[in-house]
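*Asks:* Pasting a predicted model and its sequence here:
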Amino acid sequence: MSPKIRRMTQKDLLTVSEMEAEIFPDPWIFKSFQTEVSNTTYSYPCVIEIEEQIHGYAVVWFYSGEVHIGNFAIIQNSRKKGFGKLLLEHILHKFSGYEMAFLEVRKSNIPAISLYKKYGFEELYIREFYYANGEDAIVMGRKLKQ
């Protein structure tokens, strides 16, 4: 069966917050995801799943002609299987009418940086000491409207 991408729901919150804690050293808390699911005006939290098993998720904010990917994750055993590409393609297509897309990525996250570059994101600048452990973030951006 092929992957399906859909809006995150309240039912997904426990699974997503548990995945978040496994993936990131400074994870978002349950309440953060809960807030995003409730905010339909400026937030698009989504999951990628096969047969109701979640393999990854993203939280996207959209406002003032811009899109900001605030969270993007694929679980460890589902990486290098195309889930990240499908999720990113979905986001870029869904928000193709906006002007720009932005995101932050850990300077050490070479696989993610490589994925984003393949989809036209460029390194814009560094946010020093952005993450809780003191690691820098690379701010990346991409024009959406051609």
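*Replies:* Arrived safely.
*Asks:* So which elements touch the strand ranked longest in the chain?
*Replies:* When the chain is parsed with DSSP state E, its longest strand is strand 53-63. Counting by 3 or more CB pairs under 8 Å, 6 or more residues apart in numbering; DSSP states H and E, the packing neighbours recorded for strand 53-63 are helix 13-23, strand 43-50, strand 66-74, helix 83-94. Bear in mind the C-beta positions are built from the backbone N, C-alpha and C, glycine included.
*Asks:* Now tabulate the ones you listed in a markdown table and tack on mean pLDDT and mean neighbour count.
*Replies:* Below are those laid out as a markdown table (pLDDT from 0 to 100; neighbours: other CB atoms under 10 Å):
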| stretch | mean pLDDT | mean neighbour count |
| --- | --- | --- |
| helix 13-23 | 96 | 16 |
| strand 43-50 | 97 | 20 |
| strand 66-74 | 97 | 20 |
| helix 83-94 | 97 | 18 |
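*Asks:* Which one, of the ones you listed, ends up nearest to residue 31?
*Replies:* Closest approach to residue 31 among the helices and strands packed on strand 53-63 (CB to CB): helix 13-23, 8.9 Å.
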